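Asker: Predicted structure and sequence below. I'll ask about it afterward.
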Amino acid sequence: MRKGISPFVSAAIYTGLIIATIVLVVQVAMPIIEKMKDVAAVDQAKDMLTVLNKYIQDVASEGKGSTRLVQIQTKRGTLAVVNESDKIEFAIDTAAAIVSPRTKQRIGVLTLAANCEVDVRSNDTHYMMENSHLNLSFLRYDKNDSNPHLINISNLTTMFYLEDESAHFDGVIDLEIDGKSVINGTGYTEVSETGSDLPTGVFIAHINSTSQSIGYDLYFTLESEGDYLTVEVQNYRTL
């Protein structure tokens, strides 16, 4: 004799399956929905900043006493006025692929950037590179073909500050090429680009060591969000 399944048990099983299906759909769909909301927030911010830029230009062209009333609203992300660089910044932490990591896109007066936090500056004597983890300073030697500067590799880095540890790294740079130590040479230094919110910062020392009959370029690269400095020898040549 075969026994049938109780209608109450059957209903409970079906209910359990329906609930499990709903939970699965919600778990899969929610990240997609959040990304769509982030994309919409970025599009809204782009439109708002474009309109705001037009108002600023209109007020500037009309002269003293000119005003505009502007409504600013952001449901996601943060909006800030950066006085140091004279710009308005919208920032959002998202997993949506709006811009490729460590890249910048220029759209009219707007710049879209993702994972770009390196600042590179200079003064008469130094180049400075900084991200959220490291603060670096290098000696500046401008190019002078008639009277090239004497460069000591060990002294190129004048500051190496670890932000996370609130401490200075006091090590020196030792370089060997083909088993030979290289310390002094003549040449000049430069950076690939200066500015703020860059994907990377690159300091370059162009060096000729006539005593060893070699030349090379020394690249110091600081990545956005990186807690390390990459040092590479490129363009090795014999003199």
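Answerer: Perfect, I can see it now. A quick note: this is a predicted structure, and the numbers were derived from the prediction, not measured. Numbers count the residues shown, from 1 in each chain.
Asker: tell me the secondary structure for the residue positioned nearest the centre of the chain?
Answerer: The centroid of the chain falls nearest to residue 116 when counting by CA atoms, centre = their mean (1.8 Å). Of the three states, residue 116 takes coil under DSSP: H, G, I helix; E, B strand; the rest coil.
Asker: shouldn't it be in contact with residue 102?
Answerer: Yes: in this structure, residue 116 sits in contact with residue 102. The criterion is CB atoms under 8 Å, and the distance is 6.5 Å. All C-beta atoms are positioned from the backbone trio N, CA, C, and that covers glycine.
Asker: so what sits against both of these two?
Answerer: When contacts are counted by CB atoms under 8 Å, 6 or more residues apart in numbering, residue 116 and residue 102 have 199, 224 as shared neighbours.
Asker: circling back to that earlier point, the residue nearest to the centre of the chain and residue 223: what is the separation?
Answerer: Using CB to CB, to the nearest Å, one obtains 10 Å as the distance from residue 116 to residue 223.
Asker: Give the intersection of the neighbour lists for those two.
Answerer: In terms of CB under 8 Å, 6+ apart, residue 116 and residue 223 are both contacted by the residues 102, 199.
Asker: Tell me, what's the model's pLDDT at the residue nearest to the centre of the chain?
Answerer: On pLDDT, residue 116 comes in at 84.
Asker: quick one: contacts for it?
Answerer: For residue 116, the contacting residues are 102-104, 197-199, 224, by CB under 8 Å, 6+ apart.
Asker: and if you look at residue 66?
Answerer: In this structure, residue 66 makes contact with 58-59, judged by CB under 8 Å, 6+ apart.
Asker: who does the helix or strand harbouring residue 106 pair up with?
Answerer: Here residue 106, judged by DSSP states H and E, is contained in strand 103-107. Here the strand partners of strand 103-107, with direction, are listed using DSSP bridges: strand 110-114 (antiparallel).
Asker: in the protein, which spans are helices?
Answerer: According to DSSP state H, the chain carries its helices in the segments 7-62.
Asker: Domain map for it?
Answerer: If you go by automatic domain parsing, the domain ranges for the chain are 7-114, 118-238.
Asker: Of the ones you listed, flag the one that's most buried.
Answerer: Burial among those, expressed as mean neighbours by mean count of other CB atoms under 10 Å, is greatest for domain 118-238, which shows a mean of 15.
Asker: tell me how far the ends of that one are from each other?
Answerer: Looking at domain 118-238, the gap from its leading to its trailing residue is 34 Å under the measure CA to CA, to the nearest Å.
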